[in-house]
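1. Show me the folded form of this:
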Amino acid sequence: MNKTILVVEDEPIIRATVILLIEEAGYDVLEASNANGAIVELERHPDIRVVFTDWGMAGKLNGLKLIHAVRERWPPVVLILASGRESPLVADMPSETAFLKKPYRDRELFDVLEAIDWETRLLA
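-> Numbering: from 1, shown residues only. Here you go, the predicted structure:
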């Protein structure tokens, strides 16, 4: 079963750390440094099941806007939004979105990934 996750983070060190963590947990990972790159990866790789993004990214689309764009174009994708500055209201996020407050623990991220039904692409 395909378990591909797209990590979208503009800070290279944070992105590399998250990618390593997710890969060590046994998932396939693609990466993008901004929302535009994420859209390109989603168009190239229809097998992406999860988008994990930081809220505070530079550019036209921050992480919150990105997850709304992803929900519109790729409705079955599970979304994970992380932020150390802001905490969105549940009503501000699309369905099937998990929020992680930075700094989150590895276990918190693993718990979200383990809660995903990879066949239906829903959070348990």
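2. May I ask which helix or strand encompasses Ile66?
-> For residue 66 the amino acid is Leu, not Ile. Per DSSP states H and E, Leu66 falls inside helix 63-73.
3. can you dump the C-alpha coordinates of that helix into CSV?
-> Provided in CSV are the C-alpha atoms of helix 63-73 (Å, rounded to 0.1, in the frame of the first residue of the first chain):
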residue,chain,number,x,y,z
GLY,A,63,0.5,26.7,4.8
LEU,A,64,-3.2,27.4,5.8
LYS,A,65,-4.0,28.6,2.3
LEU,A,66,-2.1,25.7,0.8
ILE,A,67,-4.1,23.1,2.7
HIS,A,68,-7.3,24.7,1.4
ALA,A,69,-6.0,24.7,-2.1
VAL,A,70,-5.0,21.0,-1.7
ARG,A,71,-8.5,20.1,-0.3
GLU,A,72,-10.1,21.8,-3.4
ARG,A,73,-8.0,20.0,-6.0
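4. who does whichever helix or strand comes after it touch, helix- and strand-wise?
-> Using DSSP H and E, the helix or strand that follows helix 63-73 in sequence is strand 78-83. If you count contacts as 3 or more C-beta pairs under 8 Å, 6 or more residues apart in numbering; DSSP states H and E, strand 78-83 packs onto strand 48-54, helix 63-73, strand 97-101. All C-beta spots, glycine's among them, are computed from the backbone N, C-alpha and C.
5. Pick the most deeply packed of the ones you listed.
-> Among these, strand 48-54 has the highest mean neighbour count (mean count of other C-beta atoms under 10 Å), at a mean of 24.
6. Please pull up the helix or strand immediately following the lengthiest helix in the chain.
-> Taking DSSP state H as the criterion, the chain has its longest helix at helix 12-24. Using DSSP H and E, the helix or strand that follows helix 12-24 in sequence is strand 28-32.
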